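# What follows is a predicted protein model with its sequence.
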Amino acid sequence: MTILDIVTYPEPFLKQPTKPVENIDGSIQELITNMADTMYVAPGVGLAAIQVGVDKSIIVFDESPDKEKRAYRVLINPEIVEMEGETLSENEGCLSVPDFRADVKRSALAIVEGLDRDGNPLKIEAGGVLSIILQHEIDHLNGILFIDRISALKRDLYKRRVKKALKKK
Ligand code: NI
């Protein structure tokens, strides 16, 4: 099992938009497997390739990771094609934004299209937790962190805390 290092804020790499995957080859399959292992060990419910230092458009997710059976899904080159309604994602967090959680306004429903790990088209009509996970992970692919979607006041609070911690090091 290979556990990858997770890139954390304020690393500028996380702001980088990702490139679409053009060829789903062995190295992509290996990356996906490693991303899933990394997500479960973290533990998290979703992970984008950019978070492990790869600027490619790939996400893995599992909305119920505490079940014994691991059943993660993969989306390559995902795009949100439709959003509907509004919901408050309570206490949202991110493996790249350690030790911080905040409420985030999200769409209630999201329809996402992409490819599965074999390159077959995959369309997911998501509500509830899955909708929030997909919006969060696809944000990563566009260089957006959940702290970019909260009030400037709350964001500054976190930024100041990170700066302090970095100084101590
Ligand atoms: Ni995240």
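Structure received.

# where does residue 34 land in three-state SS?
Here residue 34 takes the helix state, with states given by DSSP: H, G, I helix; E, B strand; the rest coil.

# remind me which residues of this structure are low pLDDT?
65, 67 (pLDDT under 70).

# Could you rerun that using 90?
Scanning the chain for pLDDT under 90 picks out 1, 64-70, 168-169.

# Now do the helices in it.
26-41, 128-141, 152-168 (DSSP state H).

# So which of these is nearest residue 99?
With CB to CB as the measure, helix 152-168 is the member of the helices of the chain nearest residue 99 (8.1 Å). To be clear about C-beta, it is placed using only N, CA and C from the backbone, and glycine gets the same treatment.

# other SSEs contacting the closest one?
Packing partners of helix 152-168 (3 or more CB pairs under 8 Å, 6 or more residues apart in numbering; DSSP states H and E): strand 97-106.

# tell me, which strand in the protein spans the most residues?
strand 73-84 (DSSP state E).

# Format the helices of the chain as a markdown table; extra columns: mean neighbour count and distance to residue 72.
A markdown table is the format used below for the helices of the chain (neighbours: other CB atoms under 10 Å; distance: least, CB to CB, whole Å):
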| stretch | mean neighbour count | distance to residue 72 |
| --- | --- | --- |
| helix 26-41 | 17 | 5 |
| helix 128-141 | 22 | 11 |
| helix 152-168 | 11 | 28 |
